[in-house]
Structures are given as structure tokens and as C-alpha cells.
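1. only the shape, not the letters, is given here:
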């Protein structure tokens, strides 16, 4: 039933299409803003022959929160939810639904394509930032390993968030707004709620994968629960992604997509 | 070729909109014209036929197989959708090649079939241009090309010629007839009745969610008892001809249009009328220059049945 | 009385000869923005600031009342009244919200539905089209900046009875809100003409607005140098307000530069808007 | 004022593709069809006349107004129904139509009154208070017609007016177009791919291909060009009948239609005698007139294979 080269066909087509989209170019630019800010700050400091800003501190307090608490979520939302809603808006879903390809292959091919583009955008910004902020000593084993872990954590985060927002896109009407409410509403509030609430946010597990812990504000009852281990976090994130993806395929199969507004 | 499409009392409604009510239909080979006013259930029927919608009651099978959620069936079906839908930032070639690859051919066959489809609709030389730069007619032809890639046994076309210029209309109609000759089944939905008449004699008329008529246009026309057949004759002695024809109980009505030297007869017994007419003309010295049946076409069938 | 037959009837009226061709765009636009969901809620919140200032004005004219002393002190003179009201952080945010609410889809919807040709098939030039769209946002922006400002002066005269407000100050109290409204309107219209997708336009607008604030704050935090305040839209408005009304400046940097930045940006946005519309294929 | 449009030497190209190539044209009052294959330059020509696009070279006058100098006065007198559905969401039909009327300079109350009148005229009276984004494509065409005649123009451009309409409403649209042109106060230019609709409405036809005007004829002239080919349909089997006419050239088209070339002095009586003797009857007998389709195909054919 699952046909690998058909999934590859979908993957290649949509990666090429996405790389040309205006949206992608905008987010690549957006991903290098922290780097530009860092260079600008140190540039001006040089003018005033002030002592330069420490790269590692900027990365830890500025770069990490930017990427792992804002950027990845936003881009995964705008791309993940769009996997299906773009096709419905432009009514092109009809071409896929009337081709000899299973709904599973369509979604896996498309999600993989959107994931890859999101990862490329993220990787450009994050790796450039990491390299410049840890320039002297970048070639040490420690830094290279940290960089690798940074990209790996980003990839897993993108997979998890994109599958969640794919599920939103497949089942809900106003998926983008609900996604925004989830990111900036629930995930931020959950940080300060008692332990169990944090367990049902993706960020909680993500925080154990990143090479540098993202500083967490103390909870109201300031009992900070223990972060899960690397392996445990990885497995739970992958498990969540698989569940979200399976649910999306199930709904996609069952739902009738009325592309026209009249009979 | 057995029955290709079989529908048993299909009913479909969503919200308070009634799409179809108890449609049973069997379609086998050849070109079938599908027509009906907007909002009368024609698009709902096509959506059920292509598995986009599931009927609330009844079920439909193509080549004996169920349609909804059975994607393998599309190896044997080619579908041209109604909307002007196209992928942004993509060229004609990339789209056709993508659609062709979805059938799972090897690389060479995918390219050959895509090229052949593009060539058939005359888009080969503009295949590198972005679809957004195509005119409406060219996008329509591209859509049609995407439905003939797999040389399928069943072709379902939803208004395939909308916005296409007369030159390509004729070429595509000719192409469809060639497909019919190869024994393929083709469902063509269209609002332009002259187009359907140019392709086929078989029509399915859907109105108010029901099949009002299905079969040969001529037979349907004969079944419409409420409107007798109108035959118009242009000759040099209309009154003389009428006098000779009136003796029999054949005629319901005669109408003279002297300005055009035309007389219009209305009759229920069409064949007997023509026998008598031919005999009368050859028997008398009246020189006849024209015999036509003004309401023996799809437009009249449509008007009489739909009653617009 | 002759029967009215079926068929086409001519229109006996005559077209108006007025030069202002874009006026229907303005009136219809105003109505459709008002009909939008949540419009009453937004306008109520935006006008709440005016009522707070009104109460403060009343309190300032009655020395025996001891309420809201801080605000009362800040509006002691007319110049201070205008500066505090026009450059109030809440009002700046409200202007941003109103621009998005009234303006984000003004052109993007026309691009999406290809309806610009509807306008240009009528005796309207592209300039009329832009002016009409512009007037819609300007109307709502000025309704919550210029109008309340003038009302405050009138109420001040009623409460305190002094006519000390000189002509120069009155002129400034009119030109400043107009300049600020022009800035917001041109920014919003320019963004609206960039894409068919209204949602994308809204995202870019808010990203730009918050980013300007965040970067200015971050740089100021690091360098403690006031020149970075020019990056923030809000700080520019406040600085330019203080400069125009001659009240103490927001930050230690020339006030007129903020004005130049605002007017410069407005001109830049209009240029981009004109370029975009010229490129639009009708 | 007899001449409606007068163009001389108009040129326009998108990049290096010549869309309008040295077009000169004079049209009188009345109703013209503008035909041509995809990409022949029809829509571009219309946009040049309306001043949406600036011609590279050449000039023109419409209703006496220069197409470049006084586009504004010109557009007061012209109505344009575009090919694409261009709508303004969030409005019902009355608001939409009266809004466009006011954009043409009609006073507010006049525009609303006139909007109702034209919406009744095009048959949208029941759904004129519905939001226009819920309109079907057929209703959308009627709305576009209504909004293009709300300001009572002198010249009306219709780009694919019957596209997407079902047979019933297409017939009504054709009746509307004929009724408007019959009134005599409005000249109409229709660009359409459906030749039967053009035949049912237009008096003259202009055919374009590759940016040039390659034919400009009266439909009555085309229809009168008789060809001595007869269309014959028989009741039963035609082989016996045809044997009697071996000497003439004939071809059996599909579904029993015979097209036979007969000399002009040939007496038709012989056809009926032959049918009677071979035991069948004549169901259809017509001297073929060249149709618009033949003229179109010949004109395009001569202009080089497309």
C-alpha cells in the first residue's frame, strides 16, 4: 500500500515549490536577524572601542529563547498548518485526491517537504549565529558537538510542532489563530503553572534536548519539576509527533473536502 | 465492456442543501453528456463519482469497485476538475510531470506521457512558463492535459472547454471522439448544448437532484408528449403544400410565415408525417428548398424538461 | 398611464461634475469598517483614554479634589495637555490597532479578488483610488487623535475659562495628529499593497511594530546611548511630540530628527505604494 | 455620432511578445463580436481602449475621446464587464452595484434607485440582498452585467459574458444583450469563445490572431454566402438512396448526416423522388450556409497554422 517513490514525487515537487515562495524568503531573512543584531551591537561597540559583548552570553540569553521559544514555533505553525489549508484555499487539493496515491503518502510526502524547508530556514539562522558567537574555539570538539546537538534539537522540535499544527490544519477551520493561541497562550502560561501542566507542552521536553538549557522562570508555587532525560524527552516528542500525524491522516481520510462554496 | 459506472439510489445532502435524491444510474461505454442547471445536483453527482463526497444513502461503484477512499481506482480514471485551480510558482511542465509521476510510472515513461499530454493540447512551447502567466484558456487546456496522461478507461470531464477558444474546442472534441472510438467511457459535463450535440447523442439530464432523462436525445425528444414535433418547410407554394397534407389526421397545428415562404407543421406521428411529406412533395410540382426540425435539438429538450 | 414594458430603460439623471471622484470610496469604506465585527469594542477602548483625560481636566480645574494628582500635574499647561495626550503609549498602540483593523485589507482584498479593474473601469485614476483608500484609515485615526485633542481644549476652556492657548499652539495641535495619522496610514496601506493575503500583512505589521520597540530597548540597554531610541516608532512619536509642543524631550537627542524620520518614512512608504500599484497588472 | 471606436496603428507588447501589432479599426454604432484564439490579443486590445494599458505607439479615439489624453471622460461613457470575477467581499448586490454607480459619478440616491432597476432587469431581484461572495458563477455574470450598465454607458465591453452559465440563464443573458442593443442607445463589443452566442447577438465580427485583425465582416454577409452543398438526413438506410447519386460528390458525416454537392440548376424534386423510390423519407434537407465557425477556421487557417 505505501509506495515510496510516490512519496518522493510529492516531496520533490513541494520542496521545489516552497523554496520559491515569498514566505520562505521572508523567514530566511527573519532567521538571521539575531545574527545581524549581534554583529551590529559589536560593530558599534568597536566604534566606541567598548569591550565586545560576549558571544556565548548573547547566544544563551538572546539566541536560544528567540529560536526555541518563538521562531521554531511560529515557522512550524505557518508552514505546518498550511500543508493542507493552502491546497484547500487554492482548490488544488482536487489534483491529489483524484490521483492513485493514498492519503497517507500525500500527507507524509507533503509534511516531509514542509518540514525540510522549515528546517533549512532554521538551520541557516541558528548555525550561523552559533558559529559567529563561538568563533574563537569553534573547531573544538565540544563546540562542534554542541552545534550538532543544537541542529538536532531544532529538527526534532520542528517535527513535533509541525505535526501538531498539521493536525490543527486538517481538522480545524481557524487553524492559524488557534496555533498562535497555543504557542503564545498555553505554552507560555504553562511555564509558571504547577509541574503537571508543563508536561502537556512540547516545550517542556524540547528543553531537555537543547545543548544549553533555556532559563525558566520560577513557577507560582516555585516548585520546579525535574527536566526529563535526553532519551526520555526525545522518545516522547517523537511519540507525540507520530500520534499527531496518525490522527491527521485519519481525519484527512474521513473528511469530505467541499472545495466549492455552492453545490 | 460491462457496466462502467453503477449508482444505486444515491442521495446526498449537506446542511439543508439537497444535492441528490435517489439517483440510480448505469453508464457503460461511449461519450455521455451530463447537463443540468446550476445548483441542480450535477456537480454533487460528479463529486460523488470522483470520491470527493460520500453519498448519505446508496452507493456507487466504478468498474465494480467502491469509489470513496479507494485511491487505486484512479489508475483507470482521468479527471478534469471544474475550478480554475493551479499551483502558484510552478511551471506547466513541472505540474504535468508531477501529475504524471503520481501514477507511479518509471522516469522515462513519466516524461513521455507528460510530453505527449502537453503536445495534444498545444502547450509544448509554453511549458517552461509559470502557470500564473498562462491565459485562462491555456490553464484550462493544461487541466485537460492532466486528465489524459494515463489513457484511462474512464474520463470524467467537468466543463472541459470553458474559456477555450473555438480552434481548440474543435480539436478537443475530435480528440474525445477518437477516445470514444478506442472504446473508452467519457463523461462530459457542459453548459454549452451545441458542444454536447457535437460530441454525442447520449445525455444525462440532472435537475432538482434527480435524473430527468437519460439516453439518446432523439428518443428523449420523442418521449416528450407535451410538445408535438415542429417541422418547418420552405417552398414556393406553402398553402398548396398545406392543403395536400391536411387531409390525414396527422397534423395538430399549421403555422404560416409568409415573409419567409415557410410553413411549420406540428405533429405527434413524426415518421408517418415524413413519409406523407416526401410522397406529397415528389407527387406534386412544389419545389421545396428546406426541411428542418427547429425543436429537435438538445436546447428544446432542455427547455421542455427543465421548463425555464 | 402608458404601460411599463419589459426591457432596458435609460437613466435620465446626469453625472456629477465634482472633481472629487474618490469620495464614494471614502463613505463606503467608512461604513464597511464600522460594520466589521468588534469595531464598537475597538473604538470604545480607543476613546477610553479621552474620558480619562476629561476627568483629569475636570479635577485640575477644581483644586479641592485631590484625585489623579500625577496626571493633573502632567496636563497643567495646554502644551503639556496636547503632548501627554497625543504621545501617550496607549494611544500609540491604539493607532496601530486601528490602522490594522481599518486598513490591513483595503488593498490586499482588491488584489486577492482582482477588483482593482472595477475601480479603474470607472472615471478614477490610480491616484483617486489611493486617495480614497487613504481617507478611510485617516478618518478613523484622526477620529481618535485630532478630534479628542480639540475637544479636550474646548473642555479646558469650559472648565477653567482661560483662553491662553495661543494660535501657534492650536495650529500645532492640529498638524501633529495629522502627521502621525499620515505616518500610520501610509505604513499600513503600503503593507496592504504588498500581498494578497490579509493575514500575512497583519503579521508583518505587528512584527515590524514590536521589533522596532524590542531592538531599540535592547540596544539602549547595552549601550546606554539615547541615539538608539530613533529605532522605536513609539519613542519617535513621543520625541517629536515633545519637540513640537516645546515640552521636555523624551530622550537626550535632537527632537527634530524624530520628525524627519517620521516624515521620511511616510514619504518612503508612499513611494513603495505608488511603485506597487504601477506594477499591478489590471 | 456614427463612429464609436477609431484606432490607427496601435502597438503593445508584454516583454518581447507582441500582444497588439499595428491595429487600425473603425467601428460604428451597433453590436460587434471580437473573436480570436487564446492569446490573440483580444483582452489586451480592450484594455488599451479602456486606458488600462498605455499603447507603445499609435493612437485612437473612443466616442470622440482620446484613449490616452482623456481616459476619465471616456470611462464615464463606457461600461466594462471583465472576464474574471472581480468582487468586493462583504457587500450585497444592491450595495455593490450602487457603489460602482457612484464611482461613475452618479449621486447617491440616484445610484441606489438605478441599482435596484438594473438588478431587476438582469433577473437578480430575489437574490439582490444576498452577499455577493455567495453568488454562483451564473449569478455573478448577471451581477457584472448589471454593474457595467448601472451608469447607462454609450459603449459596453463584455468579456466572455456567458462563461459558466447554464443553458437556461445563458439564453436569458443573450436576450438581455439583444434587448440592450435593440434599444439603440448603447453599442456593444462582445469578446467570446462561444461562436453560437456571437451568432445569436452580433451584427459584425472582428477576428484577431497573433495581435493582428485578420477579418472584419458582417454576420449577415457570412450567413448569406451560400454554398451549393446540401445537408440531407434520411429516415432509414441511406445506401439505396445514395446509389442514385453516385455522380455527385458526397460525404457521410456522423449520425446519418449526408453532405452532398449538387449543381445549382439541380431540381430538388429529384431528391424526394429518389427517397420515395428507395423506400425511405427525407427528415432534414437544407442548403448549407457558411457558419461563423467556418469563417473563423478559414481566417485562422490562412493566417498560418496556430
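-> Received the coordinates, thanks. Here the structure is a predicted model, which is why all the values come from computation and not from measurement. Numbers count the residues shown, from 1 in each chain, chains lettered A, B, ... in the order given.
2. disregarding flanking residues, what is the spatial nearest neighbour of residue A:96?
-> residue A:106 (5.1 Å; Cβ to Cβ, 6 or more residues apart in numbering or on different chains). (C-beta placed from N, C-alpha, C; glycine too.)
3. tally of neighbours for the one you found?
-> Using other Cβ atoms under 10 Å in any protein chain shown, residue A:106 has 24 neighbouring residues.
4. pLDDT at it, what is it?
-> pLDDT, the model's per-residue confidence, is 93 for residue A:106.
5. so who does it touch?
-> A:10, A:96, A:252 (Cβ atoms under 8 Å, 6 or more residues apart in numbering or on different chains).
6. for residue D:65, give its distance to chain C.
-> 11 Å (Cβ to the nearest Cβ, to the nearest Å).
7. you'd agree that residue is up against residue D:78?
-> No: applying Cβ atoms under 8 Å, one finds residue D:65 not in contact with residue D:78, separated by 9.2 Å.
8. give me the pLDDT for residue 143.
-> Assuming you mean chain A. 85.
9. try again with chain B
-> At residue B:143, pLDDT is 96.
10. tally of neighbours for it?
-> Using other Cβ under 10 Å, residue B:143 is surrounded by 26 other residues.
11. make sure it is indeed in a helix.
-> Yes: the assignment for residue B:143, made by DSSP: H, G, I helix; E, B strand; the rest coil, places it in a helix.
12. now what about the helix or strand hosting residue D:20, what contacts it?
-> Per DSSP states H and E, residue D:20 falls inside strand D:17-28. Identification of contacts with strand D:17-28 by Cβ under 8 Å, 6+ apart yields D:2-13, D:41, D:44-45, D:48, D:55, D:58, D:187, D:189, D:204, D:206, D:208, D:210-213, D:216.
13. phi and psi next, for the residue of the stretch 151-300 of chain B at minimum distance from chain C.
-> Nearest residue of the stretch 151-300 of chain B to chain C, counting by Cβ to the nearest Cβ: residue B:163, 15.1 Å away. Residue B:163 has phi and psi values of phi 80, psi 0 when expressed as degrees, to the nearest 10.
14. can you check residue C:168 too?
-> According to degrees, to the nearest 10, residue C:168 has phi -60, psi -50.
15. also residue B:19?
-> phi -90, psi -70.
16. average pLDDT across the helix ranked longest in chain B?
-> Identified as the longest helix of chain B according to DSSP state H is helix B:166-181. Helix B:166-181 carries an average pLDDT of 92.
17. what's the following helix or strand after that helix?
-> Sequence-wise, the next helix or strand downstream of helix B:166-181 (DSSP H and E) is strand B:185-189.
18. so what's the model's average confidence on that next one?
-> Strand B:185-189 comes out at a mean pLDDT of 94.
19. okay, residue D:65 and residue D:78: which has more neighbours?
-> More crowded of residue D:65 and residue D:78, by other Cβ under 10 Å: residue D:78, with 27 against 19.
20. residue C:155 versus that one, what's the distance?
-> 53 Å (Cβ to Cβ, to the nearest Å).
21. do residue D:120 as well
-> Using Cβ to Cβ, which is the criterion applied here, residue D:120 is 52 Å from residue C:155.
22. these two: which is more packed in?
-> residue C:155 (16 against 12).
23. just the element for the more buried one, please.
-> Using DSSP H and E, residue C:155 falls in helix C:146-160.
24. find the residue closest to residue B:239 in space, skipping its chain neighbours.
-> residue B:256 (7.3 Å).
25. what lies in contact with the helix or strand harbouring the one you found?
-> Using DSSP H and E, residue B:256 sits in strand B:251-257. Identification of contacts with strand B:251-257 by Cβ under 8 Å, 6+ apart yields B:228, B:238-239, B:242, B:245-246, B:262-268, B:273.
26. for stretch C:244-254, same thing?
-> C:79-80, C:82-83, C:87, C:169, C:172, C:175-176, C:226-227, C:229-230, C:235, C:238-239, C:241-243, C:255, C:259.
27. for stretch D:215-230, same thing?
-> D:25, D:33, D:198-199, D:202-207, D:259-264, D:271, D:285-292, D:295, D:299.
28. how about the residues of chain C near chain D?
-> C:6-11, C:13, C:15-18, C:21, C:24-25, C:28, C:32, C:35, C:109-110, C:113-125, C:282 (Cβ under 8 Å from any Cβ of the partner chain).
29. mind running it again at 7 Å?
-> C:7-11, C:13, C:15-16, C:24, C:28, C:32, C:109, C:113-115, C:117-124, C:282 (Cβ under 7 Å from any Cβ of the partner chain).
30. let me see the confidence value for residue A:222.
-> Model confidence at residue A:222 (pLDDT) stands at 54.
31. and the residue of chain C closest to chain A?
-> Counting by Cβ to the nearest Cβ, chain C gets nearest to chain A through residue C:222 (5.8 Å).
32. kindly report the same for the stretch 151-300 of chain B.
-> residue B:156 (8.5 Å).
33. ok so that residue is a helix residue?
-> No: Residue B:156 sits outside any helix when classified using three-state DSSP, being strand.
34. that one: neighbour count?
-> 24.
35. surely it touches residue B:51?
-> No: in this structure residue B:156 lies outside contact range of residue B:51 using Cβ atoms under 7 Å: 10.7 Å.
36. so what does residue B:33 have for phi and psi?
-> Dihedral angles (degrees, to the nearest 10) for residue B:33: phi -80, psi 130.
37. excluding chain neighbours, what is closest to it?
-> Using Cβ to Cβ, 6+ apart, the closest residue to residue B:33 is residue B:196 (3.7 Å).
38. same question for residue A:22.
-> Nearest residue to residue A:22 in three dimensions, chain neighbours excluded: residue C:195, at 7.3 Å (Cβ to Cβ, 6+ apart).
39. pLDDT score for the residue nearest to residue C:36 when sequence neighbours are not counted?
-> Among residues not flanking residue C:36 along the chain, residue C:101 sits closest, at 7.1 Å (Cβ to Cβ, 6+ apart). Reading off the confidence values, residue C:101 has pLDDT 92.
40. the host helix or strand of residue C:101 vs helix C:146-160, what angle?
-> In this structure, residue C:101 is located in helix C:89-103 according to DSSP H and E. Interaxial angle of helix C:89-103 relative to helix C:146-160 (axes from the mean of the first three to the mean of the last three Cα atoms, to 10 degrees): 140 degrees.
41. list the residues that contact residue C:265.
-> residue C:183 (Cβ atoms under 7 Å, 6 or more residues apart in numbering or on different chains).
42. mean confidence for stretch C:56-69?
-> 77.
43. what's the span of that stretch, first residue to last?
-> From its first residue to its last, stretch C:56-69 covers 8 Å (Cα to Cα, to the nearest Å).
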